[in-house]
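In: Provided below for reference: sequence and predicted model.
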Amino acid sequence: MLIAEKLLSLFLELLLPLFVGYLLRYWKRLNPKTVDRLMESNVYLFFPLSGVLSIWGMSFNEEYMWLPVLGVLMQVVPGILAFVLVKKRFSNPMEQGSYILASMLSNRGTVGLLSVYILFGEEGYVLGRLIMLFNSFVLYLVGYPLAQYFYQKGSSHSRASRSWKSLFFSRTQLPVLGVLIGLLLNLAGVTRPQGVKALVDVTIRLSASTSLLPIGYAMDFSAMKGYYRKTMELIGIKFILTPALTLFLGRLVISDATILWTVLILALSPTAINAVIAAKINNINYHLPMASFITTTLVYLLVIFPLILIAL
């Protein structure tokens, strides 16, 4: 696939569902509950299923064991950087918590995985899913408690903390279960049927669409306009510091070029919509991470991904 075709493919895969979602809200053509069901179908069905089917047919080597570790570093490093910087940027705890979430959580599950799938096919997608193996644990064991902490810090109201059981045993962990099932089938030597490859392509694209359309539906540009400039600092954290450190550490333990490129591309992912969801659920400012999602995604599409295509 030529550079222009790959760039156009990513634009269509990402921007078209966002645009459709925004128009559906503007025209009031879709019920909010239906939008929630679309997002749930991604988390509970398409994303876990794509994990099972893709990892099932992958050939593994010893370097893969480092991928989940590097995946955690991709979240922890920008989170620590934002935690150090946040008091200089915001005085309101509700905004401080949102800023840290916007920095810590990256859109590897949609933007990152679509990018490596377009560039490297199913092999890139599988490597990306392995990098994201502990993604849900970091989100629910670090991201959500952080959001609750800043909510309590900025509010006189108290909230009941989630039980450990609910953190580890909930439907939101189904994507992790999908990866584990795929690994078990692979390691057990069960042969993946030939026709499954086409189904992998369908589930990957359905997963992306059912994730992005609800994001487009939730966009409120008037509420976000005050945060675009305030989140510009995150561009340096996400597109320079985090990928540079991740790639440096990755080169110490990984020699395969495709694996290293996949690590770098996922480390370059923009702010995740999960940052918006975590902020909204925990009653802190969710317009800030939404503004960061838009600015960092545009930078990724217009600058970062074209540079990756030229470098490759």
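Out: Perfect, thanks for sending it. Fair warning: this is a prediction, and the values are worked out from it, not measured in the lab. Numbers count the residues shown, from 1 in each chain.

In: Quick check: closest non-adjacent residue to the most centrally placed residue in the chain.
Out: Nearest to the mean C-alpha position of the chain, by CA atoms, centre = their mean, lies N107 at 2.6 Å. Closest residue to N107 apart from its sequence neighbours, by CB to CB, 6 or more residues apart in numbering: A272 at 4.3 Å. From N, CA and C alone the C-beta is placed, and that goes for glycine too.

In: wait, that neighbour sits on G112?
Out: No. Using CB atoms under 8 Å, A272 and G112 do not qualify as a contacting pair, with a distance of 9.4 Å.

In: which SS state does R29 fall under?
Out: coil (DSSP: H, G, I helix; E, B strand; the rest coil).

In: what sits against it?
Out: Neighbour list for R29: L23 [criterion: CB atoms under 8 Å, 6 or more residues apart in numbering].

In: Tell me how far it lies from L23.
Out: 8 Å (CB to CB, to the nearest Å).

In: Pull up the overlap in contacts between those two.
Out: Overlap of the contact sets of R29 and L23 (by CB under 8 Å, 6+ apart) is empty.

In: buried stuff in stretch 251-265?
Out: I254, I259, W261, T262, V263, L264, I265 (16 or more other CB atoms under 10 Å).

In: so can I have CSV of the residues you listed showing secondary structure?
Out: Converted to CSV, the buried residues of stretch 251-265 look like this (three-state DSSP):
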residue, secondary structure
I254, coil
I259, helix
W261, helix
T262, helix
V263, helix
L264, helix
I265, helix
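
In: Mind putting those into JSON lines with distance to N283 and pLDDT?
Out: Below are these laid out as JSON lines (distance: CB to CB, whole Å; pLDDT from 0 to 100):
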{"residue": "I254", "distance to N283": "41", "pLDDT": "92"}
{"residue": "I259", "distance to N283": "40", "pLDDT": "93"}
{"residue": "W261", "distance to N283": "39", "pLDDT": "96"}
{"residue": "T262", "distance to N283": "36", "pLDDT": "96"}
{"residue": "V263", "distance to N283": "35", "pLDDT": "96"}
{"residue": "L264", "distance to N283": "36", "pLDDT": "96"}
{"residue": "I265", "distance to N283": "34", "pLDDT": "96"}
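
In: quick revisit: any idea of the pLDDT on the residue nearest to the centre of the chain?
Out: pLDDT for N107: 90.

In: same question, E63
Out: For E63, the model assigns a pLDDT of 81.

In: what sits against it?
Out: Here E63 is in contact with V253, I254, S255, D256, I259 (CB under 8 Å, 6+ apart).

In: how close does the third one sit to V86?
Out: Relative to V86, S255 is positioned 37 Å away (CB to CB).

In: likewise L53?
Out: Here L53 is placed at a distance of 40 Å from V86 (CB to CB).

In: Looking at those two, which one has more neighbours?
Out: Taking neighbours as other CB atoms under 10 Å, L53 and V86 compare with L53 leading, 25 against 20.

In: Can you show me the helices along the stretch 51-200 of the chain?
Out: Here the stretch 51-200 of the chain has its helices, by DSSP state H, counting those that start in this stretch, at 67-89, 93-104, 113-131, 135-138, 144-154, 164-168, 174-187, 196-218.

In: No further questions, thank you.
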